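K.L.:
Please work out how this folds:
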Amino acid sequence: MASARESSVAPRLGGKTALLTFVAVIFAFVGETQLTQYVQTTLGYQHSFFLFYVVHSSFALSFPLHIGYLLLTTHHSPRALMSGLSSILTAQLTSRDPKIIHSSPFPLSRFLVVILVMTAVYSIPALLWFIAVVYAPVTDVTAIWNANAFFAYVFSVKLLNLKWSLIRMCAVCLATAGVLTIVYGDSRSSATTAALARGVTVAQTPAPLFGDIITLVASVIYGLYQVLYKKYAALSSDLELAAEPTQYTHIPTSADQVYDEEIVSSPLAACNEVTQSLPFGLHPNFLTASIGVCTLFVLWIPLIVLHYYGIEEFALPSNMTTFFAIVGICVTGVIFNAGFMILLGVWGPIVTSVGSLLTIVLTLISDLMLGSVGLTAGGLLGAGMIVGAFAVLAFDMFQS
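P.N.:
Residues are numbered from 1 along each chain as shown. Just a heads-up that it's a prediction; the model follows:
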């Protein structure tokens, strides 16, 4: 049983679509981080909760956009897509015999409870992140946030019943050491010196230690969320299908394969009905969009409370520069979070979180291009350690 569970959560590459998703995710995270600090420091729009609310509410767009893309590029019908999605969600939430799923009502109340819990657990670290970028340098926030790779590995061993792997443990520790090298290296003083030498005004962060601490708390909670998502919400990976073929339909690795694949004697079909498999990423995008809808209709209430007590006064952007910068945060936020949810299901929390550490490298590069950080030995060494750690895990994926 233990070995079967171990194999069921082992990472797979997931084809070119997953790799392209990963590239989009790391670039989107860097863009979201830089834009968020730009809005709250340079532009002076320090409304962390409102930004969080707007960005996370925009997640609701991910599913309609995905549906629209499928309708334009494949032979799917909206009814077939929604029917297949409903069947899989019903199977997940009820654990009923798949043969009677189509005759069973959708467990709406249970689904709403799951989405409320997901929204709550996902929102706490995200809100802390939006607050942290006001107080700590963007490189520190990016580095400490992505240290969730270490916590994701620890939680994976405990909650997913994984065996301790020397290769994975060394890779995670190497990545974490790379994070510490960047954060506590000589980059901060060199960054200010380089920026002043270029005549660039550096946005001062008022309380970097406080920002680092709340980012660390957010990182721990986010590492836990990734593992809980993989265990309770994500669809099975290809290996899980091999180990437990009676639970889920196959997820194609690219959209081009969607209309070519049909499932004969599907475990989710009633009797002899033939049901098409779900396109790549549709299930996690639906969950992401559901979190966005829940945020939109529930988390507006704290806006009123915060405004009433003077903690964060409600104010819309006063100029178009701020408005379009917030739009950019929403766009990059949707890409990052939707893509990250997909990768959690395909690669699992360990490889996905360590892979996301590559955002630190891109953040350093973007800081160099903006003239706000200097090229330092600590930054180069830390970046090299992170890239090396991800390469080790990628090699482990190929070998498994």
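K.L.:
what's the closest non-adjacent residue to the residue nearest the centre of the chain?
P.N.:
Against the mean C-alpha coordinate of the chain, by CA atoms, centre = their mean, the closest residue is Phe340 at 3.2 Å. Distances taken as CB to CB, 6 or more residues apart in numbering place Val25 nearest to Phe340, at 5.6 Å, with adjacent residues excluded. Bear in mind the C-beta positions are built from the backbone N, C-alpha and C, glycine included.
K.L.:
now swap in Ala60 and tell me
P.N.:
Using CB to CB, 6+ apart, the nearest residue to Ala60 is Gly292, at 3.4 Å.
K.L.:
Any idea how many residues pack against the one you found?
P.N.:
When neighbours are defined as other CB atoms under 10 Å, Gly292 has 24 of them.
K.L.:
So it versus Gln40, what's the distance?
P.N.:
22 Å (CB to CB, to the nearest Å).
K.L.:
for Ser366, same thing?
P.N.:
Ser366 is 17 Å from Gln40, where distance means CB to CB.
K.L.:
Check which element follows the least confident helix or strand in the chain by mean pLDDT along the chain.
P.N.:
When each helix and strand of the chain is scored by mean pLDDT, DSSP states H and E, helix 238-243 comes last, with a mean of 33. Next helix or strand after helix 238-243 toward the C-terminus (DSSP states H and E): helix 282-298.
K.L.:
Not counting its own residues, what contacts that next one?
P.N.:
Defining contact as CB atoms under 8 Å, 6 or more residues apart in numbering, one finds that helix 282-298 is touched by 53, 56-64, 66, 70, 81, 85, 88-89, 115-116, 118-119, 122-123, 233-235, 251, 337-338, 341-342, 344-345.
K.L.:
Now list the buried members of the residues you listed.
P.N.:
Buried members of these, scored by 16 or more other CB atoms under 10 Å, are 53, 56-63, 66, 70, 81, 85, 88-89, 115, 118-119, 122-123, 233-235, 251, 337-338, 341-342, 344-345.
K.L.:
Restricted to helices, list these.
P.N.:
Mapping these onto helices (DSSP state H) picks out 53, 56-57, 62-63, 66, 70, 81, 85, 88-89, 115, 118-119, 122-123, 337-338, 341-342, 344-345.
K.L.:
so what's the residue nearest to the centre of the chain up against?
P.N.:
25, 352, 356.
K.L.:
Gly382 now?
P.N.:
Neighbour list for Gly382: 143, 177-182, 185, 360 [criterion: CB under 8 Å, 6+ apart].
K.L.:
just those residues: which has the poorest pLDDT?
P.N.:
Scanning these for pLDDT, the low point is Gly185. It has 65.
K.L.:
What degree of burial does Met82 show, as a neighbour count?
P.N.:
Counted with other CB under 10 Å, residues neighbouring Met82 total 12.
K.L.:
Quickly note the distance from Ser104 to Phe286.
P.N.:
Taking CB to CB, one finds Ser104 at 19 Å from Phe286.
K.L.:
ok, those two, which is more surrounded?
P.N.:
Between Ser104 and Phe286, counted using other CB under 10 Å, the more crowded position is Phe286 (21 against 14).
K.L.:
any weak-confidence spans in the stretch 151-300 of the chain?
P.N.:
183-206, 236-277 (pLDDT under 70).
K.L.:
Check Met375 and give its pLDDT.
P.N.:
Quick fix: residue 375 is Leu, not Met. Reading off the model, Leu375 has pLDDT 63.
K.L.:
wait, isn't the residue nearest to Phe340 in contact with Gly333?
P.N.:
No: judged on CB atoms under 8 Å, Val25 makes no contact with Gly333 at a distance of 11.3 Å.
K.L.:
Can you list the low-confidence ranges for the stretch 1-150 of the chain?
P.N.:
Short version for the stretch 1-150 of the chain, where the test is pLDDT under 70: 1-15, 96-103, 139.
K.L.:
where along it do the helices fall?
P.N.:
Listed in chain order, the helices of the stretch 1-150 of the chain (DSSP state H, counting those that start in this stretch) span 2-8, 15-37, 48-57, 62-73, 78-94, 108-135, 138-145, 148-159.
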